[in-house]
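1. I would like the atomic coordinates for the input below:
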Amino acid sequence: MHNCKMIPGKASSAWPMNLAGIAALIASAVPALAAEAEYPYKPIRIVIGYSAGGPADVSTRLISQALGQDWKQQIVVDNRPSAGGIIGAQMVAGATPDGYTLLSVTASHAVAPAIYSKLPYDTVKDFAGITTTINTPSVLVVAPSLGVKSVRELIKLAKAKPGELLFSSGGIGSATHFVAELFNSVAGISAAHVPYKGNPEALTDVVTGRVQYNMAPVPNSVALAKDGKIIALDVSSFRRLPGLPDVPTIDEAGLSGFIWGTWFGWLAPAKTPRALLIKLNAEISRVTELPAMRERWAVFSGEPMRMTPEQFGQHVVAQIALFTDLAKKANIKAD
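-> Residues are numbered from 1 along each chain as shown. Here you go, the predicted model:
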């Protein structure tokens, strides 16, 4: 038999304090659990740092509309266009982490810390990943007046005239800027960058021949290519695109190992409860992969791209490293 001694005053004071602490923890957790269980019980705002009408905006609105219908709750899309989506990201970084203020981003979100010496937020620490949504390739297009009909011919011409050819983009630090710089790096060529306010303007000057080439988003380039106003040399995907069946992949065109896709995704403020992140991940991915939605993505050759919250966070870190390396090699700076 074991002898147990009671120390006067100790047990009687310790147990009530422990029970009180446990009760307090339970009491504080119940509202949070209840809020997550009934989410969403009020309108949600999804901030997007890009202009209306582009693939990022269209995809965000389609997903938001589907979620709003299923949840019977309003989802407001708030466009806050700025260089790399910085203004929108800053708004969400400082928002309450309750799932009611979210951020729609593209690859440009990971570009910003590579080209700006200082941002009003921490791209990694101030956000929690929800999921990537879709992924879209680019099309390498050239001016008809350039007289080249293949990637090999473009590379040969660029090497014969180092630094003389001009390529356009939707702005310094945009996804179209970096994919072109990545192409130049892999191809081993040097060309001069001409930034524009947006992708439509950047392509207009390819049509006129003022600039020689562009790594263009699919929606902006398919109609122009079919009309012969630009020449599509290749697509940066694993397989050919339905909208451009005669245009080879860049691997088929002879530049092995170059695959690029501009990704889109949703983020939440840091410290958003993981239960909400998981719920949002499941719901966003579900509607993104619906057959009717896949048909809409096909318009700009997008495909559903699902990641777990943790995978998305790791993806952003890896992309920042890639873009930082590219920015150093190409001496890209925004400030």
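2. what about Phe238, how many neighbours?
-> Taking other CB atoms under 10 Å as the criterion, the count of residues near Phe238 is 11. No exception for glycine: its C-beta is placed from N, CA and C like everyone else's.
3. And Phe264, by the same measure?
-> 25.
4. I'd assumed Asn135 was in contact with it.
-> Yes. Contact status for Phe264 versus Asn135: in contact at 7.5 Å, counting by CB atoms under 8 Å.
5. Mutual contacts of those two, please.
-> 302, 305 (CB atoms under 8 Å, 6 or more residues apart in numbering).
6. residue boundaries of the helices in the protein?
-> Applying DSSP state H to the chain gives helices spanning 10-37, 55-71, 86-93, 108-115, 151-160, 175-187, 199-208, 218-226, 274-288, 291-298, 309-330.
7. can you list contacts of the fifth one?
-> Contacts with helix 151-160, where a contact means CB under 8 Å, 6+ apart, come from 140, 142, 146, 148, 165, 187-191, 213, 233-234, 250, 253-255.
8. now the angle from that helix to helix 175-187?
-> 80 degrees (axes from the mean of the first three to the mean of the last three CA atoms, to 10 degrees).
9. tell me which residues of helix 151-160 are tucked away?
-> By neighbour count with 16 or more other CB atoms under 10 Å, helix 151-160 contains the buried residues 151, 154-155, 157-158.
10. Of those residues, which is the nearest to Lys328?
-> For the buried residues of helix 151-160, the residue nearest Lys328 by CB to CB is Ala158; the value is 21.2 Å.
11. how near is the residue lying closest to the closest one once chain neighbours are set aside to Lys161?
-> Excluding its sequence neighbours, the residue lying closest to Ala158 (CB to CB, 6 or more residues apart in numbering) is Ile189, at 3.9 Å. Distance of Ile189 to Lys161, given as CB to CB, to the nearest Å: 10 Å.
12. One more: Trp263?
-> Applying CB to CB to Trp263 and Lys161 gives a distance of 33 Å.
13. same thing with Arg296?
-> Arg296 is 42 Å from Lys161, by CB to CB.
14. do the same with Thr204
-> In terms of CB to CB, Thr204 sits 23 Å off from Lys161.
15. Likewise for Ala110?
-> 32 Å.
16. circling back to that earlier point, between the helices of the chain, which shows the greatest average number of neighbours?
-> Among the helices of the chain, ranked by average contacts under mean count of other CB atoms under 10 Å, first place goes to helix 108-115 (a mean of 24).
17. List the contacts of that one.
-> 49-50, 83-86, 89, 119, 123, 172-175, 178, 265, 267, 316, 319-320, 322-324, 326-327, 332-335.
18. circling back to that earlier point, got the contact list for the residue nearest to Ala158?
-> 155, 158-159, 162, 165.
19. ok, 7 Å please
-> Residues counted as contacts of Ile189 (CB atoms under 7 Å, 6 or more residues apart in numbering) are 155, 158-159.
20. Look up the pLDDT of it for me, please.
-> pLDDT, Ile189: 95.
21. What separation do you get for it and Ala321?
-> 23 Å.
22. now Gly94
-> 26 Å.
23. just Ala327 next, same as before
-> Noted for Ala327: a distance of 11 Å to Ala321, by CB to CB.
24. now Pro55
-> Distance from Pro55 to Ala321, by CB to CB: 25 Å.
25. Over to Ser256?
-> From Ser256 across to Ala321, the span is 23 Å (CB to CB).
26. Pull up the distance across stretch 267-280, start to finish.
-> 10 Å (CA to CA, to the nearest Å).
27. Show me what that stretch is in contact with.
-> 32, 36, 39, 92-93, 95, 97, 99, 101-103, 105, 125-130, 309.
28. go on, stretch 241-255?
-> Outside stretch 241-255, the residues touching it (CB under 7 Å, 6+ apart) are 137, 139-140, 150-152, 186-187, 218, 222, 225, 232-240, 258, 298, 301.
29. Return the helix or strand in the protein with minimum mean pLDDT.
-> Using mean pLDDT, DSSP states H and E, the weakest-scoring helix or strand in the chain turns out to be helix 10-37, at a mean of 47.
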